[in-house]
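>>> Generate a structure from the sequence data that follows.
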Amino acid sequence: MKKALIHDWYTVYGGAERCVESFTNIWDDFDHFSLIDDLSQKNRDIILKGKQTKNTFIQKLPFGKTKYRSYLPLFPLAIEELDLNDYDLIISSSSSVAKGVLTRPNQFHISYVYSPVRYAWDLYSQYIKEAKLDKGIKGFIARYFLFKLRLWDYSTANRPNQYIAISNYVAKRIKKIYNKESIVIYPPVDTNSFTLTTETSDYYITCSRMVPYKRIDLIVETFSKIGKKLIVVGDGPDFKKIKKLAKSNVVLKGYVEKEEMQRLLMHARAFIFAAEEDFGIAPIEAQACGVPVIAYGKGGALETIKGVFPSNKNVNEEITGVFFERQSVNALEEALIYFEKNESLFVKKNIRKNAELFSIERFEKEFKNTVETLYNNWKENK
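Residues are numbered from 1 along each chain as shown. Next up is the predicted model:
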């Protein structure tokens, strides 16, 4: 069985690339494809076991490796130029256009979907406003190309033989947008890198890239109001904006190395998470340390955290977090008050146990068994 793995783009070692790393742990004989590849040798060795990728013409365009998003209108054309005719099994790792790769009827294509193209679908209006493209000729052109991308994306819905979604939350969007059913396999989290400690310090923590939808501004604004100590790890485009919101009780660390992040996380009172995410790795890493999570109660967090809303009087004995109902200062503050009143209910070993449900070992075993079963069933019936 000859296998191809196609990923949207290789630039950093992020959550999607952790999944690709697991794919290459399971099978070491993939040929690799992507729109562009700008990996460092260190990350190439980790993710692709040192292998090179075959790329599209976007790689050769001016600033194609670094400003590839500027060529968004060309993504469908580029992904369709990749020649995968020689492969029996194709796995696409897709949050953009990888799922739209061209295949033949005698090839089996499984698409592992992190999300349908968010800036073309559910985050369309937010993307247009944040990019200041809601007015003028540039705005008209941007909206036109996103409209064309939606048409193409919908037209390619039948190209994969099988969808696998990273969460039930994403599976619902796949159903709504493409009218396709999905199998759900949660992504891998390196829970073994995090350990429990009985020592808890009097501070809260959050960790994230500082972009608008992560809502770090909401977290910082809330803690600046209530005066409790908060450590913020991460950097990004919104760093200066968020720094202006922070009072003396809020410590902005910026980027820190992995070991320092783990140390800060292990001793935190609770981890704060305000984004509406498709899955969300950071809250699971916190739970792997036995640290409770206070999270916005939408999206993937509802599947990865055994949480309780402050209005809920029936509390599960193995709760691992508290949810707040709205992305507002008052709602987050209410959740913090509830947490502090009920802090004794959060047992570190139970929190760690929940995190282990999302381990790398679990993912690789489940993904391997699922893919091989699907492929064998298809081969028998074709």
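>>> Please count neighbours and contacts with C-alpha atoms only from this point.
Will do.
>>> OK, contacts around the closest residue to residue 107 other than its chain neighbours?
Spatial nearest neighbour of residue 107, excluding adjacent residues (C-alpha to C-alpha, 6 or more residues apart in numbering): residue 88 at 5.0 Å. Each residue near residue 88 by C-alpha atoms under 8 Å, 6 or more residues apart in numbering is listed here: 1-3, 106-108.
>>> next one: residue 265
Contacts of residue 265 by C-alpha under 8 Å, 6+ apart are 205, 271, 286, 289, 291.
>>> Could you do residue 32 as well?
By C-alpha under 8 Å, 6+ apart, the neighbours of residue 32 are 4-7, 51-54.
>>> so how far is residue 302 from residue 48?
32 Å (C-alpha to C-alpha, to the nearest Å).
>>> which one of these two has more residues nearby?
Counted by other C-alpha atoms under 10 Å, residue 48 and residue 302 do not tie: residue 48 has more neighbours, with 23 against 18.
>>> mind checking how far the more buried one is from residue 39?
Taken as C-alpha to C-alpha, the span from residue 48 to residue 39 is 10 Å.
>>> next one: residue 200
Taking C-alpha to C-alpha, one finds residue 200 at 38 Å from residue 39.
>>> Ok, residue 209 next?
Taking C-alpha to C-alpha, one finds residue 209 at 19 Å from residue 39.
>>> Please apply the same query to residue 94.
18 Å.
>>> So which of these two has more stuff around it?
Neighbours were counted for residue 94 and for residue 39 using other C-alpha under 10 Å; residue 94 has more, 22 against 18.
>>> Name the nearest residue to the more buried one, ignoring sequence neighbours.
residue 113 (5.0 Å).
>>> wait, that neighbour sits on residue 165?
Yes - if you go by C-alpha atoms under 8 Å, residue 113 and residue 165 touch, sitting 5.0 Å apart.
>>> can I assume residue 29 is in contact with residue 3?
Yes - with contact defined as C-alpha under 8 Å, residue 29 counts as touching residue 3 (6.9 Å).
>>> re the thing from before, which one of the contacts of residue 88 is nearest residue 363?
Closest approach to residue 363 among those (C-alpha to C-alpha): residue 3, at 19.4 Å.
>>> That closest one: neighbouring residues, count only.
18.
>>> give the contact list for it.
29-31, 87-91.
>>> which stretches of the chain aren't confidently modelled?
123-124, 127, 130-132, 316 (pLDDT under 70).
>>> the strands in it, which residues?
Counting by DSSP state E, one finds strands in the chain at the ranges 3-7, 30-34, 53-55, 89-94, 108-113, 162-165, 182-184, 204-207, 230-233, 250-254, 270-273, 293-296, 307-308, 321-324.
>>> As CSV, these with distance to residue 374 would be great.
Shown next, in CSV, are the strands of the chain (distance: least, C-alpha to C-alpha, whole Å):
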stretch, distance to residue 374
strand 3-7, 14
strand 30-34, 18
strand 53-55, 26
strand 89-94, 11
strand 108-113, 9
strand 162-165, 8
strand 182-184, 11
strand 204-207, 37
strand 230-233, 41
strand 250-254, 44
strand 270-273, 36
strand 293-296, 35
strand 307-308, 34
strand 321-324, 36
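>>> Those: which one's closest to residue 240?
Proximity to residue 240 (C-alpha to C-alpha) singles out strand 250-254 among those, at 10.4 Å.
>>> That closest one: which residues count as buried?
250-252, 254 (16 or more other C-alpha atoms under 10 Å).
>>> if we take these, which one ends up nearest to residue 306?
Of the buried residues of strand 250-254, the one sitting nearest to residue 306 (C-alpha to C-alpha) turns out to be residue 250, at 27.3 Å.
>>> any idea how far the residue nearest to the closest one when sequence neighbours are not counted lies from residue 367?
Setting aside the residues directly before and after it, residue 250 is nearest to residue 230 in space (C-alpha to C-alpha, 6+ apart), at 4.8 Å. As defined by C-alpha to C-alpha, residue 230 lies at a distance of 38 Å from residue 367.
>>> neighbour-wise, which of these two wins?
residue 230 (27 against 20).
>>> Provide the partner residues of that one in its beta bridges.
residue 204, residue 250 (DSSP bridges).
>>> quick one: contacts for it?
With C-alpha under 8 Å, 6+ apart, residue 230 has these contacts: 203-206, 220, 223, 249-251.
>>> Now distance to residue 143 too, for the residues you listed, in CSV please.
Output for these, formatted as CSV (distance: C-alpha to C-alpha, whole Å):
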residue, distance to residue 143
203, 44
204, 40
205, 38
206, 34
220, 33
223, 37
249, 42
250, 39
251, 39
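>>> Residue 78: how many residues sit nearby?
Applying other C-alpha under 10 Å, I find that residue 78 has 21 neighbouring residues.
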